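[1] Build the 3D model from these lines:
(2 chains)
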2 protein chains.
Amino acid sequence: MKQAFVTGAAGFIGSNLVDRLLSMGIKVVGWDNFSTGQEQFLASAKKNPLFSLKFGDNLDLPSLITGMAGCDIVFHLAANADVRFGIHHPRKDLEQNTIATFQVLEAARLNEIKKIVFSSTGSVYGESEIIPTPENAPFPLQTSLYGASKVAGEALIQAFGEGFGMQAYIFRFVSIVGERYTHGHIFDFYKQLSTNPEQLTILGDGTQKKSYLYIHDCIDAILHTIELFKTKSATHHTQIYNLGTPEFIQVNDSVNIICKALAINPKLIHTGGKRGWVGDNPFIFLDTKKINLTGWKPKLTIEQGIIKTLDWLKANPWVYESRN
Amino acid sequence: MKQAFVTGAAGFIGSNLVDRLLSMGIKVVGWDNFSTGQEQFLASAKKNPLFSLKFGDNLDLPSLITGMAGCDIVFHLAANADVRFGIHHPRKDLEQNTIATFQVLEAARLNEIKKIVFSSTGSVYGESEIIPTPENAPFPLQTSLYGASKVAGEALIQAFGEGFGMQAYIFRFVSIVGERYTHGHIFDFYKQLSTNPEQLTILGDGTQKKSYLYIHDCIDAILHTIELFKTKSATHHTQIYNLGTPEFIQVNDSVNIICKALAINPKLIHTGGKRGWVGDNPFIFLDTKKINLTGWKPKLTIEQGIIKTLDWLKANPWVYESRN
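    Here you go, the predicted structure:
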């Protein structure tokens, strides 16, 4: 790994990865269309001579091809990560997750880049009947346009891996939390509570069970896996790993952690129902034995991750402004 | 089912379905861009007042929307079915299978059509370790761009089904054979043998194991399943069924059936290797217990299906001309 191309470089996960790669002395080309990315997340990276930032869109193949020139690995993290509003704009997931992934693969192929890392999601398992859900769970049924677009992206990564001999890594994440977290329930709850600490509206009945992984644990896992396959031989060109914590919590538990950390006691209003929205999965919990067996384990618990996230949101109120 | 919209209406499976629906007294709107479809396959349909033919492309959403108006079911059969040449033109499968499926779903949604049938493929299982492969086999890894594009299509069908309350039927086919068969190994072998009955080149070592289903058995299964869910209640909006025969044969066995039927004894030249091409699956055999338990079984064996196909190819040499 000498020069890395990072799509979604100005995003939550992307910018943290950029900083990490730079700290390891790796050259990084950051790529972002700034539709949701924050230039401020790259403030430190931009001071580093190993870093160059390219403004570009994944749907613009020619720019993507030239942007990637000289790189030997692609971290494809750019995505529409808004699971909730899929049915409000069905084309968005297709374009930003499926077609964009195809474009990134095409640009990598044309640049003869043989290593690609893809950030997928536990949502690809739909509503699995096996919980915790392992990588080889039964062929799932997709329940959201987001999940559908990510499973399509995964399939493209795999087919390019096999067809063109690319070494591909697919990581299926639970929700990631931590510094630079800019969407999801902690983000929404903190926003509500900043405006009115007396009251909190919770989508669904709050019993939805979810799992959260701290951003630096997530990045550790990715880099650990790539390192592993420098020496390990593999049957397939594509390696697939779940990334998560060995625990899950209910949304209501998360609310308690947040309220305790903020030392407030708001009135809780549940909108009701098992699901927060159409396509919301009432129970996401991934089996992470496969990656654990390779020696990686998360350092932070879910509670610690949530508190780190809150601390960062408290210190960075500007992210709420920038999202309006 | 009062008025059906059939994409790929001039194709192998599409035109046979059109004829069947018309024979049942159902109005049919046939849709095809004639990239591989044959107008001649619709010669009989075109004489039927219940049939109307619309020339159109699935990538042209406005035409698709108006074309579908008034229909209450969509049979989405149009696809790039050429599994073999995926890596020669990676974008083709994405456009014609994944994006096209999205467009068809969007047009159905905007027309408030609540029933959709999708022709998928056993290729979505990649190289499954479980053979015969059931519908709930382990989450597969895609080995071809074709498989990837179809799994993406399936995922979209499922997500639209859940998100917009469409009743969706996904059928994962083995190779279909019979009247109007215009691509695949029987097509290629018969072409070679018509030119030179002394010699036959076989891709791979000929031990690839595959399964074949006769076109009318395939259509029976589809219509049988739709009928079934008129009364049966279901947990999900999407129903998934493998379609195939309870047997498989080797490519070499198929060669023997063909040579015996043609009463010839050519020299066989194997190109060698377990796979006929990059992404070729050396063993495709689907578990069809799920559909069998609902009361459907194929009427023809693989051998009978191959002979029907040969008879049709012999009687219709023009299809070779039209494919050049």
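
[2] domain ranges for chain A?
    If you go by automatic domain parsing, the domain ranges for chain A are A:3-176+A:213-243, A:178-211+A:247-284+A:301-322.

[3] the longest helix in chain A is where?
    Ranked by residue count, the top helix of chain A under DSSP state H comes out as helix A:145-164.

[4] What residues of stretch A:290-308 count as buried?
    A:Ile291, A:Trp296, A:Pro298, A:Leu300, A:Ile302, A:Glu303, A:Gln304, A:Gly305, A:Ile306, A:Ile307, A:Lys308 (16 or more other Cβ atoms under 10 Å in any protein chain shown). Placement of C-beta: from N, CA and C, glycine included.

[5] Can you tell me which of the domains of chain A is packed in deepest?
    domain A:3-176+A:213-243 (a mean of 21; mean count of other Cβ atoms under 10 Å in any protein chain shown).

[6] quick one on the thing from earlier: farthest-separated two in the buried residues of stretch A:290-308?
    A:Ile291 and A:Ile307 (24.1 Å; Cβ to Cβ).

[7] Flag the shaky bits of the stretch 151-300 of chain A, pLDDT-wise.
    Within the stretch 151-300 of chain A, the stretches with pLDDT under 70 are A:278-279.

[8] please redo it, this time with the cut-off set to 80
    For the stretch 151-300 of chain A, applying pLDDT under 80 flags the ranges A:232-235, A:276-280.

[9] show me where it has strands.
    Using DSSP state E, counting those that start in this stretch, the strands found in the stretch 151-300 of chain A span residues A:167-173, A:175-177, A:199-202, A:209-210, A:212-214, A:238-243, A:249-250, A:267-270.

[10] residues in contact with stretch A:132-141?
    Defining contact as Cβ atoms under 8 Å, 6 or more residues apart in numbering or on different chains, one finds that stretch A:132-141 is touched by A:122, A:124-130, A:151, A:172, A:240-242, A:285-290, B:124-125, B:135-140, B:158, B:236, B:238, B:240.

[11] Next up, the contacts around the spatially closest residue to A:Asn97 that is not a sequence neighbour.
    Distances taken as Cβ to Cβ, 6 or more residues apart in numbering or on different chains place A:Ser149 nearest to A:Asn97, at 3.6 Å, with adjacent residues excluded. Residues in contact with A:Ser149 (Cβ under 8 Å, 6+ apart) are A:Asn80, A:Asp93, A:Leu94, A:Gln96, A:Asn97, A:Thr98, B:Ala155.

[12] roughly how far apart are A:Ser149 and A:Pro90?
    Taken as Cβ to Cβ, to the nearest Å, the spacing of A:Ser149 relative to A:Pro90 amounts to 10 Å.

[13] closest to B:Thr201 among the buried residues of stretch A:290-308?
    Scanning the buried residues of stretch A:290-308 for proximity to B:Thr201, where the rule is Cβ to Cβ, the winner is A:Ile291, at 45.8 Å.

[14] State the distance from that closest one to chain B.
    16 Å (Cβ to the nearest Cβ, to the nearest Å).

[15] so that residue touches A:Asp220, yeah?
    No - if you go by Cβ atoms under 8 Å, A:Ile291 and A:Asp220 don't touch, sitting 10.6 Å apart.

[16] In CSV: the buried residues of stretch A:290-308, plus distance to B:Phe189.
    Compiled in CSV, the buried residues of stretch A:290-308 are given as follows (distance: Cβ to Cβ, whole Å):
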residue, distance to B:Phe189
A:Ile291, 47
A:Trp296, 51
A:Pro298, 56
A:Leu300, 61
A:Ile302, 59
A:Glu303, 65
A:Gln304, 64
A:Gly305, 60
A:Ile306, 63
A:Ile307, 67
A:Lys308, 64
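
[17] and which of these is nearest A:Lys46?
    Nearest member of the buried residues of stretch A:290-308 to A:Lys46, counting by Cβ to Cβ, is A:Lys308, at 23.9 Å.

[18] How is the closest one classified with respect to secondary structure?
    Following DSSP: H, G, I helix; E, B strand; the rest coil, A:Lys308 is assigned to helix.

[19] for the buried residues of stretch A:290-308, which one is nearest chain B?
    Using Cβ to the nearest Cβ, A:Ile291 comes nearest to chain B of the buried residues of stretch A:290-308, at 15.9 Å.
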